[in-house]
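# Below is the sequence, then the predicted model.
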Amino acid sequence: MTAAGASHDAHGHDPQGHDAHDHDPHDGTAYHGTMKHYLMGFVLSVILTAIPFWIIMGDVFRSPVTAAVVVMVFAVAQIFVHMVYFLHMNPRSEGGWNMLAAIFTIVIVVITLSGSMWVMSHLHQNMAPMPAGGHEMAPPPATPVPAKPSHE
Amino acid sequence: MSASVTADIAATDAAMEAPTPGRDFYVRGEHHPENGTLLGFWLYLMSDCLVFAVLFACYGVLGRSYAAGPSGADLFDLKLVAINTGFLLASSITYGFAMLEMQQNHKGTTLFWLFVTGCFGASFLALELYEFWHLIHEGATPQRSAFLSSFFTLVGTHGLHVTFGCVWLVTLMVQVVKHGLIPANRRRLICLSMFWHFLDVVWIGVFTFVYLMGSLA
C-alpha cells in the first residue's frame, strides 16, 4: 500500500485505492481476452463481411432470393463470431446470466422480426386487389354493378 | 457399524449445514457489487437490442413501400457502405487492443488505442453523415416514402448510438489521463467495450438487411 501510494499518488489519495488489489484480478478474469482471440475474431469477421459484399456487388447469384438467404446466413455467422470473440460470451460468464439474457433476447428478437413480417405480409396479401400500375386502392364494391352485358 | 456411519453422516451434515449459510452470505456479498455493473450493463445492451429489433421489424415491413419514389437499389452506394463497415470493424479490433493494454496496465498505449478507436468511430460518423446529406440533397428525405422514413430511423438510431459511444470514449480518455487505470475506470472501459462491440453487431444487421438486401431488388 505504501509503495503503491508513493509511486502512484492517484491511487494513494483515492478512497478506493486499497480495493484495487482485491479487485484487479477479478476485472481481468471477468473480461479476459487474448491477442490471438481478438485477431482470430477480426480475421473471421473480415472474411464474413467481404463475402456478402462480393456476392451482392459482383452479382454472383442469378436469383435474388438465393443471394438474400446466403447473405443472411453470413450475417448470422458473423454475429456469432462477434459475440464469442469480441463480447467474450461463454456459458460461464456471470454465472450463466449473460447467456440466459442473450438467449431470451434472441428469442424475443426472432419472434418480433419474423412475427411482424409474417403478419404484415399476410395482411398485405389480403388487401383489396390493386389495379395494375395503380397506386390507390380499388373502389369498394358498394355500388351494385349494373347487370348489362359487357361489350368489351 | 452401519448405525455409527449414519450417525457420523448425520453429524457432519449438521455441522456443514449450520455454519455455511453465514459464510455463503459473506462470500457472495463480496462478489456481488463488482459483477453487478457488468451484468447490469449487459442487460441494458439486451434491452437496446430490443429497440433495434423493433426498428428492424419496422424496416422489414415498410422497406419495400417506395410510394413511387426511389428504391434502395437506386440510392445505396455499396462501396461507401463497405468502407464504413471496414471503419467499424477496425474500430472494434483497436478497442480490443486497448483492452489488452489495459490488462497489462499500460496507460499510454491504452490511451493510444482508444484514440485510434475514436478516430475510426468519427470517420464512420462522417461518412454516414455525408451519405445522409447526399440522400437528402437528391430529394430522398425521410418524408419521401415509408421506406425512407424507416431507413433513416433505423440507420440514424445506430448512428446516434455511435455518436454517444464517441462522446463516452472521449470522456473516458479524459478520466484515464486524470486518474489513471483505477478500478472504476477499468470497469467503465469494459462497459464501453461491450457497448462498442454491440454496435458493431447491430451494424452487421444493418448492412446485411438494409444495404445488401435492399440493393438486390
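Structure received.
# tell me which residues in the host helix or strand of residue B:174 are buried?
Using DSSP states H and E, residue B:174 sits within helix B:146-179. Under the neighbour-count criterion of 16 or more other C-beta atoms under 10 Å in any protein chain shown, helix B:146-179 has B:146-152, B:154-155, B:158-159, B:161-163, B:165-166, B:169, B:172-173, B:175-176 buried. All C-beta atoms are positioned from the backbone trio N, CA, C, and that covers glycine.
# Next: stretch A:92-111.
Buried-residue list, stretch A:92-111, by 16+ other C-beta under 10 Å: A:93, A:94, A:98, A:99, A:101, A:102, A:105, A:109.
# Intersect these with the contacts of chain B.
A:94, A:98, A:101, A:102, A:105, A:109 (C-beta under 8 Å from any C-beta of the partner chain).
# hang on, the fourth one packs against residue B:46?
So that's residue A:102. Yes. Residue A:102 lies in contact with residue B:46 (C-beta atoms under 8 Å); the separation is 6.6 Å.
# could you dump the buried residues of stretch A:92-111 to JSON lines with secondary structure?
Converted to JSON lines, the buried residues of stretch A:92-111 look like this (DSSP: H, G, I helix; E, B strand; the rest coil):
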{"residue": "A:93", "secondary structure": "helix"}
{"residue": "A:94", "secondary structure": "helix"}
{"residue": "A:98", "secondary structure": "helix"}
{"residue": "A:99", "secondary structure": "helix"}
{"residue": "A:101", "secondary structure": "helix"}
{"residue": "A:102", "secondary structure": "helix"}
{"residue": "A:105", "secondary structure": "helix"}
{"residue": "A:109", "secondary structure": "helix"}
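# of those residues, closest to residue A:80?
Nearest to residue A:80 out of the buried residues of stretch A:92-111 is residue A:102 (C-beta to C-beta; 11.0 Å).
# how does chain A divide up, domain by domain?
A:32-86, A:91-117 (automatic domain parsing).
# Let me have these in CSV, adding mean pLDDT and distance to residue B:133 as columns.
Formatted as CSV, the domains of chain A follow (pLDDT from 0 to 100; distance: least, C-beta to C-beta, whole Å):
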stretch, mean pLDDT, distance to residue B:133
domain A:32-86, 92, 23
domain A:91-117, 91, 30
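# Those: which one's closest to residue B:128?
Of the domains of chain A, nearest to residue B:128 by C-beta to C-beta is domain A:32-86, at 16.8 Å.
# which SS class is the residue lying closest to residue B:152 once chain neighbours are set aside?
Of all residues not flanking residue B:152 in the chain, residue B:142 sits nearest, at 4.3 Å (C-beta to C-beta, 6 or more residues apart in numbering or on different chains). Assigned by three-state DSSP, the conformation of residue B:142 is coil.
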